[in-house]
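Peer 1: can't give you the sequence, but here's the structure:
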Ligand SMILES: Nc1nc2c(ncn2[C@@H]2O[C@@H]3COP(=O)(O)O[C@H]4[C@@H](O)[C@H](n5cnc6c(=O)[nH]c(N)nc65)O[C@@H]4COP(=O)(O)O[C@H]3[C@H]2O)c(=O)[nH]1
């Protein structure tokens, strides 16, 4: 179908749908990738937290073992136990210092020997662990302190410490790309090695936690903001580009389909508004004198850019979209306006054939169109003949039957077009009160051909005679065909042999030129005569 006239873009669903279709595969793919990377980061985060946790537990095992060795010595004089304290520091890789306390005062340390400093059990989580921000020996440097007291005396026991750098090494080596934090009571240490107060902040991505069941600490892990997007970009670059291309292709295909459908419909609507559908007329001659007894009205599209467009290029779409009803109404009006002022040129009972389709038979609207058409002419001057095609099946519903009954009552004739080519020709004959059969041009073309084809043509002619129907032969191109049809008493003939479809001006000119025809009133003739 030819297309023209660009219309202003409107943000309707037609404009938005291709974007939606294009974005959909991308969104679905991104959702799957997001879910997958989320699972992956979560699993890796949990594994890191657990690994760091297990390592810290191993360090604490070392502190606990040293502390428990020294525990029975708590309360003994410092010069008696000092060597034992130093031996534990030497024997345990992670132990930085060992200490004994009595009456809640630190009285002996591996570094200084005799010492005196208060020990407050409440500084320790569960009375056991304290993450300190340094002590008097190494101020500002993280220190994890383990405390254990004798079962019988809560104010007497042993204290061992580990340097925060051991924890830091674990955080850096195990959780290299992870934001891992060791949390003890109201203090925590991150990969900056500093001890902070309070609870550690949750990581933006895949925040997980490992809580030790053996010591009162937990490990928080997770990733910084944007980690997931970065992982998706690095993991799925090929898939992302594929999805992008798929989305583009789907969006473009959808846009093309919508434009095709909407532009065809919109284009027909525009042409209808601009009155671009015009009638062409092909004469139908009667047997005997071959005088023009009527015309078949054939639609043409006077397209502003493409010129005159043949009906087979747009009628099928118009029939499919249902726009054919409005187009036929406009065509009938044009026909009436072109012929009515020159009705004197038409002999009484002049046949005007209009093609209709199944869409016209869905309601009784066609009655008004026919009525309006006939009102343009003096009574009895024209006989309106509706030509039914079988391109869409016409159902014999109560509405259709009522329509045909009322059309007949109005004097409108019904012809079956292209008779013999469709599957329902005979059914139509039974179901609807038909007046004429139009033999399809393919049968007329068989004249002079093989015997079987000719038999089929003869049978159609006989059938119409037996049913008392008028018969019109279409597509008569040769004198042999004309004479054969005349010998077989075919009532009317139509074809290039007599005349090709022509515009109204030419038709009126030719009608006026027929012998015995009244002349057109001066100044009232068709364009072609006046020019
Ligand atoms: N080869 C050959 N062809 C001949 C000869 N005599 C006439 N024809 C062509 O045969 C077609 C006859 O019309 P149709 O069977 O109703 O077939 C029509 C009809 O089914 C449809 N059509 C045309 N106008 C309308 C309309 O207003 N409404 C509907 N629904 N369909 C229409 O389009 C079809 C084609 O129309 P056209 O192109 O005008 O083609 C016309 C006409 O030009 C001949 O001797 N030899």
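Peer 2: Structure's in. What do you need? The structure presented is a predicted model; accordingly, all values stated were derived computationally and were not measured.
Peer 1: name all residues that make contact with residue 284.
Peer 2: Taking Cβ atoms under 8 Å, 6 or more residues apart in numbering, we find residue 284 in contact with 292, 293, 294, 295, 296, 351, 353, 472, 492, 493, 494. C-betas here are computed from N, CA, C, even on glycine.
Peer 1: now do residue 323
Peer 2: Residue 323 sits in contact with 265, 268, 269, 272, where contact means Cβ under 8 Å, 6+ apart.
Peer 1: which SS state does residue 208 fall under?
Peer 2: Following DSSP: H, G, I helix; E, B strand; the rest coil, we place residue 208 in the strand state.
Peer 1: list the residues that contact residue 302.
Peer 2: By Cβ under 8 Å, 6+ apart, residue 302 lies in contact with 276, 277, 278, 308, 309.
Peer 1: hang on, the third one is in a strand, isn't it?
Peer 2: Yes. With three-state DSSP as the criterion, residue 278 is located in a strand.
Peer 1: that one touches residue 298, doesn't it?
Peer 2: No. Residue 278 lies out of contact with residue 298 (Cβ atoms under 8 Å); the separation is 10.0 Å.
Peer 1: picking that back up, just the ones of the contacts of residue 284 in strands?
Peer 2: With DSSP state E as the criterion, strands contain 292, 293, 294, 295, 296, 351, 353, 472, 492, 493 from among those.
Peer 1: just the closest of those to the ligand, please.
Peer 2: Of all these, the ligand sits closest to residue 296, with 6.3 Å by Cβ to the nearest ligand atom.
Peer 1: and the closest one, what does it touch?
Peer 2: 281, 282, 284, 353, 355, 387, 494, 501.
Peer 1: what does the stretch 301-450 of the chain put close to the ligand?
Peer 2: 310-312, 315, 324, 328, 331, 355, 357, 389, 417-418, 441 (Cβ under 6 Å from any ligand atom).
Peer 1: now do 8 Å
Peer 2: Proximity of the stretch 301-450 of the chain to the ligand, by Cβ under 8 Å from any ligand atom, involves residues 310-312, 315, 318-319, 324, 327-328, 331, 354-357, 387, 389, 391, 417-418, 438, 440-441.
Peer 1: give me the buried subset of the residues you listed.
Peer 2: 311, 315, 318-319, 324, 327-328, 331, 354-357, 387, 389, 417-418, 438, 440-441 (16 or more other Cβ atoms under 10 Å).
Peer 1: doesn't residue 76 fall inside a strand?
Peer 2: No. With three-state DSSP as the criterion, residue 76 is assigned coil and is not in a strand.
Peer 1: what's around it, how many residues?
Peer 2: Residues contacting residue 76 under the criterion other Cβ atoms under 10 Å number 15.
Peer 1: phi, psi for the closest residue to residue 291 other than its chain neighbours please.
Peer 2: Leaving out its chain neighbours, the residue that sits closest to residue 291 by Cβ to Cβ, 6 or more residues apart in numbering is residue 285, at 6.5 Å. Backbone geometry at residue 285, expressed as degrees, to the nearest 10, gives phi -100, psi 150.
Peer 1: so how many other residues sit close to residue 285?
Peer 2: 21.
Peer 1: just confirm it contacts residue 498, I think it does.
Peer 2: Yes. At 5.1 Å, residue 285 counts as touching residue 498 under the criterion of Cβ under 8 Å.
Peer 1: what about the strands in the stretch 151-300 of the chain?
Peer 2: Applying DSSP state E, counting those that start in this stretch to the stretch 151-300 of the chain gives strands spanning 157-163, 181-184, 187-189, 195-197, 205-211, 218-223, 277-286, 292-303.
Peer 1: go on, the stretch 401-531 of the chain?
Peer 2: Using DSSP E, counting those that start in this stretch, strands in the stretch 401-531 of the chain cover 413-419, 436-439, 470-473, 492-493.
Peer 1: mind putting those strands in a markdown table, mean pLDDT included?
Peer 2: What follows is these, written out as a markdown table (pLDDT from 0 to 100):
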| stretch | mean pLDDT |
| --- | --- |
| strand 413-419 | 89 |
| strand 436-439 | 92 |
| strand 470-473 | 94 |
| strand 492-493 | 96 |
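Peer 1: using a markdown table, please lay out those together with distance to residue 374.
Peer 2: A markdown table is the format used below for the strands of the stretch 401-531 of the chain (distance: least, Cβ to Cβ, whole Å):
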| stretch | distance to residue 374 |
| --- | --- |
| strand 413-419 | 12 |
| strand 436-439 | 18 |
| strand 470-473 | 19 |
| strand 492-493 | 21 |
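Peer 1: list the residues that contact the spatially closest residue to residue 475 that is not a sequence neighbour.
Peer 2: Distance criterion Cβ to Cβ, 6+ apart; nearest residue to residue 475, sequence neighbours excluded, is residue 441 at 2.3 Å. Counting by Cβ under 8 Å, 6+ apart, residue 441 makes contact with 474, 475, 495.
Peer 1: just these that are near the ligand?
Peer 2: Intersecting those with the contacts of the ligand gives 474, 475, 495 (criterion: Cβ under 8 Å from any ligand atom).
Peer 1: now for the first one, how many residues are close by?
Peer 2: The local packing of residue 474 (other Cβ under 10 Å) involves 21 other residues.
Peer 1: hang on, isn't it packed against residue 444?
Peer 2: Yes. With contact defined as Cβ under 8 Å, residue 474 counts as touching residue 444 (6.5 Å).
Peer 1: where do the contact lists of these two overlap?
Peer 2: Common neighbours of residue 474 and residue 444 (Cβ under 8 Å, 6+ apart) are residue 495.
Peer 1: tell me the secondary structure at the residue nearest to residue 380 when sequence neighbours are not counted.
Peer 2: Spatial nearest neighbour of residue 380, excluding adjacent residues (Cβ to Cβ, 6+ apart): residue 348 at 5.6 Å. Following three-state DSSP, we place residue 348 in the coil state.
Peer 1: what's the spacing between residue 348 and residue 381?
Peer 2: 6 Å (Cβ to Cβ, to the nearest Å).
Peer 1: so for these two, which sits in the more crowded spot?
Peer 2: A side-by-side neighbour count of residue 348 and residue 381, using other Cβ under 10 Å, places residue 381 first with 18 against 10.
Peer 1: residue contacts, that one?
Peer 2: Contacts of residue 381 by Cβ under 8 Å, 6+ apart are 343, 346, 348, 349, 350.
Peer 1: now the two most distant members of those residues.
Peer 2: Taking Cβ to Cβ as the measure, these span a maximum distance of 12.2 Å, between 343 and 349.
Peer 1: can you get me a residue count around residue 512?
Peer 2: So residue 512, with other Cβ under 10 Å, has 17 neighbours.
Peer 1: isn't it right up against residue 292?
Peer 2: No. The criterion here is Cβ under 8 Å, and residue 512 misses it with residue 292 at 11.4 Å.
Peer 1: I'd say residue 100 and residue 114 touch.
Peer 2: No. Counting by Cβ under 8 Å, residue 100 stays clear of residue 114, with 10.9 Å between them.
Peer 1: common neighbours of those two, please.
Peer 2: 78, 107, 108.
Peer 1: before we move on, back to that, which of the contacts of residue 323 has the largest number of neighbours?
Peer 2: residue 268 (22 neighbours).
Peer 1: please report phi then psi for the nearest residue to that residue once chain neighbours are set aside.
Peer 2: Nearest residue to residue 268 in three dimensions, chain neighbours excluded: residue 323, at 5.0 Å (Cβ to Cβ, 6+ apart). In terms of degrees, to the nearest 10, the main-chain angles of residue 323 are phi -70, psi -10.
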